[in-house]
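Asks: only the shape, not the letters, is given here:
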Ligand code: SF4
Ligand code: SF4
Ligand code: SF4
Ligand code: SF4
């Protein structure tokens, strides 16, 4: 999983504030949460930072498809096994006669469904990692043997 | 809702959107099942000695080859409906032929013990509702039966396991490598050396009968402790275990006696291998390796491996299997020396060398019928796409009439 430090190491580390953030570290945090984009750090556009800029863009690329809430399914890794569908506490609560007991989801209130052999996430706002009483839930990440689910 | 024939879990909660006679979208099936239901990349066409032909001539030619053979053999059937399997057994009887399926080098031995009621077993629903200790032994279910853990074993909530995997179940993996299934059984993965299953079982038997096991003492005692506390245990016995203990099921039976709360389930890959074993068992008392000669003879030498190795067949009908791909190179040489008849929906390595090829429908998609799930439950298959391909049952019926 991508970390703030990895991104920070690639920034100019001059704290010049041209990006509007007070420090490079603050900009790295904003990059990770997708609030900022790499070119907003204008010093990075200079030729001598070319390699670092490309590295940053590459690191941030796979998450281009991320939901607003930061959930990404790496579909190329997903086998459609349904472990996440059945393990997610939101799916269990919202579909006690379907996903909770291992069956195919029986309504549209679940977060995970398998379509064309791969997981598709929706209703992501219901995820326990968001909202007022958020908790750091790993119930979809831990049961996935291929590491196909990631939060960024 | 339709049934997936991608593996012997026969998931019957699949939704399919069909548009203009083609599958547009498949929901709820795993990746393996989705690709099976989408059909083949290269469809088989009828042919005789590598020349394109029509179905009727191909069936006639196949009948001629089988009739004139001195020692014909029928092989495959693990990817056929129960109805086609019964026809196949009938055809073998009529031809005085040998008949075998992939289970003779796979899970046949365990299934036979289950059918003879030598092992305690249960349904997958029982496992889901009641099981608290699950052992995946020599089985990478996550890979071979991708929805096993989510539908029936580890993750779902069950009647007496309301808190599901988080608190109510323990998953254990015993394997020679850290498979995807083993990764899920964090903290309860027991790595054993290649062919080390027997020794592991013996050590476990020691531990369960109050002796100090000589091998990996600490881990074995810990495992024995978990097993003794189980209220409803499952051993999902994979091919890794079966290959390793070979015919020596005695040790497994002894282990079963020491664990009265445990149930054994042979993990089956091909969607209807168990169906073939059950049909043949019902008709002959054996699950595979049979020769008809007015009576029934059952011997090891009638397994596909032995027959090809000893070059003891002069015409082979292959249905829903690809021996050229799945059997060792040393035994398949004989395939190029004899006429092979291949019935399959798709082009396979075997179909490429076959004397006669006869395309059939993809069962569960283009033809209906029934199949037997890995736990013995009979599941209905449905026809969701209309086209002109004949089912394997119809083709075998026509062969039966022609021989
Ligand atoms: S513009 Fe770039 S170098 Fe300047 S503070 Fe922001 S991140 Fe650091
Ligand atoms: S983090 Fe928890 S609540 Fe959110 S999608 Fe994953 S399993 Fe569901
Ligand atoms: S657990 Fe992982 S591999 Fe399985 S369906 Fe979910 S994302 Fe895909
Ligand atoms: S687990 Fe097996 S039967 Fe179920 S959807 Fe996957 S391939 Fe099909």
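Replies: Structure received. Please read these numbers as outputs of a predicted model, since none were measured by experiment. Ligands and ions are numbered 1, 2, ... in the order given.

Asks: hey, let's count contacts and neighbours off CA atoms from now on
Replies: Fine.

Asks: straight-line length of stretch B:185-204, end to end?
Replies: Terminal residues of stretch B:185-204 lie 19 Å apart, using CA to CA, to the nearest Å.

Asks: is any part of that stretch close to ligand 3?
Replies: No - contact of stretch B:185-204 with ligand 3 (CA under 6 Å from any ligand atom) is absent, the minimum separation being 13.9 Å.

Asks: domain-wise, how is the chain divided?
Replies: Just so you know, I chose chain A. A:4-63, A:71-151 (automatic domain parsing).

Asks: my question was about chain B
Replies: B:42-104+B:271-367+B:390-402, B:108-266.

Asks: among these, which comes closest to ligand 4?
Replies: The closest of those to ligand 4 is domain B:108-266. By CA to the nearest ligand atom, the value is 4.1 Å.

Asks: may I see the domains of chain B organised as TSV, with mean neighbour count and mean pLDDT added?
Replies: Shown next, in TSV, are the domains of chain B (neighbours: other CA atoms under 10 Å in any protein chain shown; pLDDT from 0 to 100):
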stretch	mean neighbour count	mean pLDDT
domain B:42-104+B:271-367+B:390-402	21	95
domain B:108-266	19	93
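
Asks: between those domains, which gets nearest to chain A?
Replies: Chain A lies closest, by CA to the nearest CA, to one member of the domains of chain B: domain B:108-266, at 4.0 Å.

Asks: report the closest residue of chain A relative to ligand 4.
Replies: residue A:81 (7.0 Å).

Asks: and that residue, that one's in a strand?
Replies: No - counting by DSSP: H, G, I helix; E, B strand; the rest coil, residue A:81 falls outside a strand, being coil.

Asks: okay, helices next: where are they in chain A?
Replies: A:4-10, A:24-32, A:50-60, A:83-87, A:89-94 (DSSP state H).

Asks: wait, the stretch 1-150 of chain B
Replies: Assigned helices in the stretch 1-150 of chain B, in chain order: B:31-37, B:55-68, B:82-95, B:108-115, B:124-130, B:141-144, B:148-151 (criterion: DSSP state H, counting those that start in this stretch).

Asks: make CSV out of those and add distance to chain A.
Replies: Converted to CSV, those look like this (distance: least, CA to the nearest CA, whole Å):
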stretch, distance to chain A
helix B:31-37, 4
helix B:55-68, 33
helix B:82-95, 25
helix B:108-115, 25
helix B:124-130, 8
helix B:141-144, 7
helix B:148-151, 4
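
Asks: as JSON lines, those helices with distance to residue B:298 would be great.
Replies: JSON lines is the format used below for those (distance: least, CA to CA, whole Å):
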{"stretch": "helix B:31-37", "distance to residue B:298": "33"}
{"stretch": "helix B:55-68", "distance to residue B:298": "21"}
{"stretch": "helix B:82-95", "distance to residue B:298": "13"}
{"stretch": "helix B:108-115", "distance to residue B:298": "13"}
{"stretch": "helix B:124-130", "distance to residue B:298": "31"}
{"stretch": "helix B:141-144", "distance to residue B:298": "30"}
{"stretch": "helix B:148-151", "distance to residue B:298": "33"}
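
Asks: can you tell which of these is closest to ligand 2?
Replies: Short answer: helix B:148-151, nearest of these by CA to the nearest ligand atom, at 13.8 Å.

Asks: what is the closest one packed up against?
Replies: Judged by 3 or more CA pairs under 8 Å, 6 or more residues apart in numbering or on different chains; DSSP states H and E, helix B:148-151 is in contact with helix A:83-87, helix B:141-144.

Asks: would JSON lines of these with distance to ligand 4 be doable?
Replies: What follows is the helices and strands packed on helix B:148-151, written out as JSON lines (distance: least, CA to the nearest ligand atom, whole Å):
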{"stretch": "helix A:83-87", "distance to ligand 4": "11"}
{"stretch": "helix B:141-144", "distance to ligand 4": "8"}
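
Asks: of these, which is nearest ligand 1?
Replies: helix A:83-87 (36.8 Å).

Asks: which residue, other than its chain neighbours, is closest to residue B:273?
Replies: Leaving aside its sequence neighbours, residue B:273 sits nearest to residue B:78 (CA to CA, 6 or more residues apart in numbering or on different chains; 4.1 Å).

Asks: which residues touch that neighbour?
Replies: B:101, B:102, B:270, B:271, B:272, B:273, B:274, B:275, B:276, B:320, B:321 (CA atoms under 8 Å, 6 or more residues apart in numbering or on different chains).
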